[in-house]
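1. No letters, just coordinates:
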Ligand SMILES: [Zn+2]
């Protein structure tokens, strides 16, 4: 269910909410073969209102199904985000208000994406293939970068076979 806080309620008290977001609700991009979200996202968030600002703090937990860019094995990567954001209710940067409520779902979606690993590794020291310099960093989420890392891994495999 969407992450919604009622502004009127926040005038009187801090509000804590817990819940789950399904991968479908978040409609995350599926163009990355190395990272998939198949399980629900759990959140525990508390909202405090100070005038025209709302401060949200809490935790967001999820587990990603990843494929290691070096050894190509699949593994699960648990991620916990310590969430702490200010939202303003007035001015140009304000969060949209609908029915006297704010919906944080899209903002949380962005934070989840920002916390995706750039190059998932089954182990920080996964060394089943020789280390490769990371290329094409700007395009790290593009499918080009992904297919490049996979093909790099395969070309390393070929080299090993030749040795
Ligand atoms: Zn690995």
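-> Done, it's in. No experiment lies behind these values; they were computed from the predicted model shown.

2. can you list the residues of the protein near the ion?
-> Within the chain, the positions adjacent to the ion are 68, 70-71, 122, 126 by Cβ under 5 Å from the ion. In short, each C-beta sits where N, CA and C put it, glycine included.

3. Pull out the buried residues from those residues.
-> Among these, those buried by neighbour count (16 or more other Cβ atoms under 10 Å) are 68, 70-71, 122, 126.

4. Show me the two of those residues that sit farthest apart.
-> For these, the farthest-apart pair by Cβ to Cβ is 70 and 122; their separation is 7.7 Å.

5. Please look at residue 38 and residue 23 and confirm they touch.
-> Yes: Residue 38 lies in contact with residue 23 (Cβ atoms under 8 Å); the separation is 6.4 Å.

6. quick one: which of these two has more around it?
-> residue 23 (15 against 10; other Cβ atoms under 10 Å).

7. For the closest residue to the more buried one other than its chain neighbours, list the residues it contacts.
-> Closest residue in space to residue 23, ignoring its immediate chain neighbours: residue 37 at 4.7 Å, by Cβ to Cβ, 6 or more residues apart in numbering. With contact set as Cβ atoms under 8 Å, 6 or more residues apart in numbering, residue 37 has these partners: 23, 26, 28, 62, 64-65, 112.

8. Switch the residues you listed over to a markdown table; also include pLDDT and secondary structure.
-> A markdown table is the format used below for the contacts of residue 37 (pLDDT from 0 to 100; DSSP: H, G, I helix; E, B strand; the rest coil):
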| residue | pLDDT | secondary structure |
| --- | --- | --- |
| 23 | 93 | helix |
| 26 | 93 | helix |
| 28 | 87 | coil |
| 62 | 97 | strand |
| 64 | 96 | strand |
| 65 | 96 | strand |
| 112 | 95 | helix |
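
9. now, which of those residues sits nearest residue 52?
-> residue 112 (26.6 Å).

10. Redo the buried ones among the residues of the chain next to the ion as JSON lines? Include secondary structure.
-> Converted to JSON lines, those look like this (DSSP: H, G, I helix; E, B strand; the rest coil):
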{"residue": "68", "secondary structure": "coil"}
{"residue": "70", "secondary structure": "coil"}
{"residue": "71", "secondary structure": "coil"}
{"residue": "122", "secondary structure": "coil"}
{"residue": "126", "secondary structure": "coil"}
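
11. any chance you could map the helices in the protein?
-> 7-12, 23-26, 105-114, 143-162 (DSSP state H).

12. where's the nearest residue to residue 28 once chain neighbours are set aside relative to the ion, distance?
-> Counting by Cβ to Cβ, 6+ apart, residue 37 is the residue found nearest to residue 28 once chain neighbours are left out, at 5.6 Å. To the ion, residue 37 is 20 Å away according to Cβ to the ion, to the nearest Å.
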